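> Predicted structure and sequence below. I'll ask about it afterward.
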Amino acid sequence: MIDFTLTENDEARLAHLYAQGEYIRQFVRDADENEAELPPEVLPGAEDFLKTLERPPAPGPEDTQGPAMMTLSAIAQYWGDYSLRLHREGGGGLGNAALSAAGTDEQKAKWGGLLLSMAITEPGCGSDPSRVETTAVLDEDTDEWVINGEKIFVTTGIRAEGVVLWATIDKSAGRAGIKSFLVEKGTPGFEVPGKEKKLGIRCDDTAAYVFRDCRIPRENLLGLDESIPKQSSGGFRGVMKTFNMTRPMTAAMGLGPAKAALDFTREQLEEAGVDLAYGGGTAQQSAAAQAFMRLEAIYEASELATLRATWLAGTGQPNNMESSVCKAHAGSAVRAITQGCVDILGPMGISREHLLEKWMRDCRITDIYEGTGEIQRLIMARGLLDYTRQDLK
Ligand SMILES: Cc1cc2nc3c(=O)[nH]c(=O)nc-3n(C[C@H](O)[C@H](O)[C@H](O)COP(=O)(O)OP(=O)(O)OC[C@H]3O[C@@H](n4cnc5c(N)ncnc54)[C@H](O)[C@@H]3O)c2cc1C
């Protein structure tokens, strides 16, 4: 039975993250305007501030566990700010979610504490990851993979301590030859030549990576499965499993600022004397209150769809369809919510005096990376109608 009731301990752990989020907000305008890469851990006064916070108790057996708690924690962290998070417990990058989905227990233990980025996209490959050109060739003499290729738009690419990257071990095998590898920063042949300038998430460093004869140990292949299945997509399906974790996390990351926008708008409406209680029925409600409640309902639906997708993953059940559903829903929900809040608040929504306009810009990425909305809807249509990739492209 699905039950998302939070324990007192869960609430305390989340309250800790929300408190960090409040603190971070004093730095985010400056970081956004200067596209600064501020490692959250070294924000001015951060350490002193953390000492003032009561540490939340460790999670107990009755508490919400695994991916469902990761979802709620991501919402809480990104509520503070999309790109400056004070404390990344256990490594909060997209690559960490990939490691969780595809790594062996030993690999998770070895690299789980690092901040990991995830690199799939290349100059010639975005929505269709089966066109990955980066190669990984096994050198049997040294038991090393030799990586060559170029990756672009890598989120947290500069600050990350390592990357989960997709490369083909056999181009002639097509999609079945694609595998994911972990490469630590500092490995010779792994270069970070540049950073993108963007509309939103401007203080989250989005980088390009180049791999030139970059050698990594044989055991850095995530999942350690070197076989190339004969059936056309068997191996590829393995690496695509990564998305079943990263898509719900991407949805949760977008829901953070959407929730922040709702909280801010609610405060402003209440301060202006707008009655948000439903008690009097719709006939008694102001247009602003009705618009606001519609946005809250969209948020609730999106959060529940995301929790369900992560709960399925956490209980070892298939969630391919659900992870696309929550990602597609969140991609448009967070745009509707943040733009709707700007509509309700007018000039206050668009002014740089407040963070709402920034949350609206930051949210936009939810519907782009980890597969655009169009791609999620393709996957959902294939699943619902039982079509293959060939039937429905
Ligand atoms: C800020 C930012 C951060 C990113 N972070 C990462 C990251 O950490 N790691 C990573 O690997 N990548 C990352 N990306 C890349 C992102 O995942 C890709 O941009 C995305 O997958 C789209 O690929 P593309 O840009 O090549 O667009 P294209 O694939 O060229 O698509 C262009 C448009 O065509 C549509 N389209 C494409 N194919 C179809 C189809 N079959 N049917 C209908 N419509 C279609 C798309 O929806 C899109 O609207 C990031 C991108 C941005 C902007």
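Sure, I can see it. Numbering: from 1, shown residues only.

> how close does the residue nearest to the spatial centre of the chain sit to the ligand?
Closest to where the C-alpha atoms of the chain average out (CA atoms, centre = their mean) is T250, at 3.0 Å. To the ligand, T250 is 9 Å away according to CB to the nearest ligand atom, to the nearest Å. Glycine gets a C-beta too; all of them are placed from N, C-alpha and C.

> Got the confidence number for that residue?
pLDDT, T250: 93.

> now do G279
66.

> Phi first, then psi, for whichever residue of the chain sits closest to the ligand.
Nearest residue of the chain to the ligand: G126, at 1.7 Å (CB to the nearest ligand atom). Taking degrees, to the nearest 10, you get phi -130, psi -90 for the backbone angles of G126.

> who touches V163 in this structure?
The contact partners of V163, by CB atoms under 8 Å, 6 or more residues apart in numbering, come to 95, 116-119, 151, 154, 157, 182-183, 185, 209.

> any idea how far the residue nearest to the centre of the chain lies from G112?
19 Å (CB to CB, to the nearest Å).

> Any idea how many residues pack against the nearest residue to I24 once chain neighbours are set aside?
In space, and not counting its chain neighbours, I24 is closest to G80: 4.5 Å by CB to CB, 6 or more residues apart in numbering. Residues within reach of G80, counting by other CB atoms under 10 Å, total 23.

> Now do G80, the pLDDT please.
In this prediction G80 is given a pLDDT of 93.

> Tell me which of the contacts of V163 fall in strands.
116-119, 151, 154, 182-183, 209 (DSSP state E).

> Residues of the stretch 151-300 of the chain that sit close to the ligand?
By CB under 6 Å from any ligand atom, the residues of the stretch 151-300 of the chain that approach the ligand are 153-155, 198, 206.

> Contacts only, for A68.
A68 neighbours (CB under 8 Å, 6+ apart): 4, 307, 310-311, 314.

> Among those, name the buried ones.
307, 310-311, 314 (16 or more other CB atoms under 10 Å).

> a markdown table for those residues, including distance to V146 and secondary structure?
Listed next are these as a markdown table, based on distance: CB to CB, whole Å; DSSP: H, G, I helix; E, B strand; the rest coil:
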| residue | distance to V146 | secondary structure |
| --- | --- | --- |
| L307 | 42 | helix |
| T310 | 36 | helix |
| W311 | 40 | helix |
| G314 | 36 | helix |
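
> So which of the residues you listed is the closest to I344?
For those, the residue nearest I344 by CB to CB is L307; the value is 26.4 Å.

> The closest one against T71, yeah?
Yes. With contacts counted by CB atoms under 8 Å, L307 reaches T71, the gap being 5.7 Å.

> Can you lay out the residues of the stretch 151-300 of the chain next to the ligand as JSON lines showing neighbour count?
Below are those laid out as JSON lines (neighbours: other CB atoms under 10 Å):
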{"residue": "F153", "neighbour count": "19"}
{"residue": "V154", "neighbour count": "26"}
{"residue": "T155", "neighbour count": "24"}
{"residue": "K198", "neighbour count": "16"}
{"residue": "T206", "neighbour count": "22"}
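
> And these, which two are furthest apart?
V154 and K198 (12.8 Å).

> joint contacts of the two?
Counting by CB under 8 Å, 6+ apart, the residues touching both V154 and K198 are T206.

> what's the burial count for A313?
So A313, with other CB under 10 Å, has 25 neighbours.

> Could you export the contacts of V163 to CSV, including columns for pLDDT?
Compiled in CSV, those are given as follows (pLDDT from 0 to 100):
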residue, pLDDT
G95, 91
L116, 94
S117, 93
M118, 93
A119, 96
K151, 97
V154, 96
G157, 93
L182, 98
V183, 98
K185, 97
Y209, 98
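
> in this structure, which helix has the most residues?
In the chain, assigned by DSSP state H, the helix with the most residues is helix 234-271.

> Would you mark the buried spots in that helix?
Neighbour-count burial for helix 234-271 [16+ other CB under 10 Å]: 235-236, 238-262, 264-266, 268-269.

> I'd say the residue nearest to I24 and L43 touch.
No. Using CB under 8 Å as the test, G80 is too far from L43 to be in contact (11.3 Å).

> shared neighbours of those two, anything?
Common neighbours of G80 and L43 (CB under 8 Å, 6+ apart) are 24, 86.

> And the strands in the stretch 101-250 of the chain?
116-119, 135-139, 144-155, 162-168, 178-184, 190-195, 206-217 (DSSP state E, counting those that start in this stretch).

> okay, those in a markdown table with distance to Q290 next?
Putting these into a markdown table (distance: least, CB to CB, whole Å) gives the following:
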| stretch | distance to Q290 |
| --- | --- |
| strand 116-119 | 40 |
| strand 135-139 | 55 |
| strand 144-155 | 36 |
| strand 162-168 | 44 |
| strand 178-184 | 47 |
| strand 190-195 | 43 |
| strand 206-217 | 38 |
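
> Of the ones you listed, which is nearest E54?
Per CB to CB, nearest to E54 of these: strand 116-119, 29.4 Å.

> Buried ones in that closest one, by neighbour count?
Applying 16+ other CB under 10 Å to strand 116-119 flags 116-119 as buried.

> out of those, who's near the ligand?
Okay, of the buried residues of strand 116-119 touching the ligand (CB under 6 Å from any ligand atom), that's 117-119.
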